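Engineer: Requesting a structural model of the entry that follows:
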Amino acid sequence: MTKPVAPKRILPTSPFKAPVAPPPKHFAVGDQVTHDMYGLGRVIGIEDGIAALVDFGSAQERILSPYAKMSKL
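Structural biologist: Okay, the predicted model is just below:
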């Protein structure tokens, strides 16, 4: 089977609503965060809309946007 070339079109009169994208996550320097792989950490740097530099104690990691595995505490 092949995938359709065009994206699925949602008509405004359709009873089925188009999926809503979740709002992007925003972090600030000093925010305490948790990451699924690295654990607890603190944001020490931000690259606008691109990445966040997080200190996890034993290592500093650059986490790329959209921050799927990271959430603010």
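
Engineer: On the three-state scheme, Ser71 is what?
Structural biologist: Under the three-state scheme (DSSP: H, G, I helix; E, B strand; the rest coil), Ser71 adopts strand.

Engineer: I figured it hits Lys25, correct?
Structural biologist: Yes - using CB atoms under 8 Å, Ser71 makes contact with Lys25 at a distance of 7.4 Å. For the C-beta atoms, the positions are set from N, CA and C on the backbone; glycine is no exception.

Engineer: Tell me who's in contact with the nearest residue to Leu73 once chain neighbours are set aside.
Structural biologist: Nearest residue to Leu73, sequence neighbours excluded (CB to CB, 6 or more residues apart in numbering): Gln32, at 4.7 Å. With contacts defined as CB atoms under 8 Å, 6 or more residues apart in numbering, Gln32 is in contact with Leu40, Gly41, Arg42, Val43, Lys72, Leu73.
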